[in-house]
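[1] Got a sequence here, can you build the structure:
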Amino acid sequence: MEISKADWKLYRERVSDWQEHPGVLIELRKSTALWDIAYFVRDKVITMNELEGFNEDLIDAAKLILSR
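    Residues are numbered from 1 along each chain as shown. Coordinates of the predicted model:
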């Protein structure tokens with residue numbers, strides 16, 4: 001799944017806050033944004049609630065990644 005322009009913009013806005021979490025260092029790449037989001041949730045950097053505003057398809061894809 002490719003991240004939409006709106007989700008990419010929102011991701012770039014929010015990732016700076018997420019990077020304040022200890023140990024978070026990330027290279028911003030649109031091609032890996034979905035995986036990065038799923039890993040942030042898995043590693044408890046963010047919660048699923050913090051994905052409010054993102055496209056439902058992106059949220060569902062992150063849930064699918066986390067379920068595996």
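[2] okay, now the residue nearest to residue 46 when sequence neighbours are not counted: neighbour count?
    Of all residues not flanking residue 46 in the chain, residue 40 sits nearest, at 4.7 Å (Cβ to Cβ, 6 or more residues apart in numbering). Glycine gets a C-beta too; all of them are placed from N, C-alpha and C. When neighbours are defined as other Cβ atoms under 10 Å, residue 40 has 22 of them.
[3] again with the one 10 residues further on
    Using other Cβ under 10 Å as the criterion, residue 50 is surrounded by 15 other residues.
[4] any idea how far stretch 1-8 is from the chain center?
    Stretch 1-8 sits 11 Å away from the centroid of its parent chain (Cα atoms, centre = their mean, to the nearest Å).
[5] so for it, what's the average pLDDT?
    Stretch 1-8 shows an average pLDDT of 91 in the prediction.
[6] Show the end-to-end separation of that stretch, please.
    For stretch 1-8, the first-to-last residue distance is 13 Å (Cα to Cα, to the nearest Å).
[7] Stretch 16-35 now?
    Between the opening and closing residues of stretch 16-35 there is a gap of 17 Å (Cα to Cα).
[8] Please apply the same query to stretch 25-43.
    Stretch 25-43 has an end-to-end distance of 13 Å (criterion: Cα to Cα).
[9] what's that stretch in contact with?
    Applying Cβ atoms under 8 Å, 6 or more residues apart in numbering, the set of residues contacting stretch 25-43 from outside is 1-3, 7-8, 11-12, 15, 18-19, 24, 46-48, 51, 54, 58, 61-62, 65-66.
[10] how about that stretch: buried residues?
    Neighbour-count burial for stretch 25-43, counted by 16 or more other Cβ atoms under 10 Å, picks out 33-34, 36-41.
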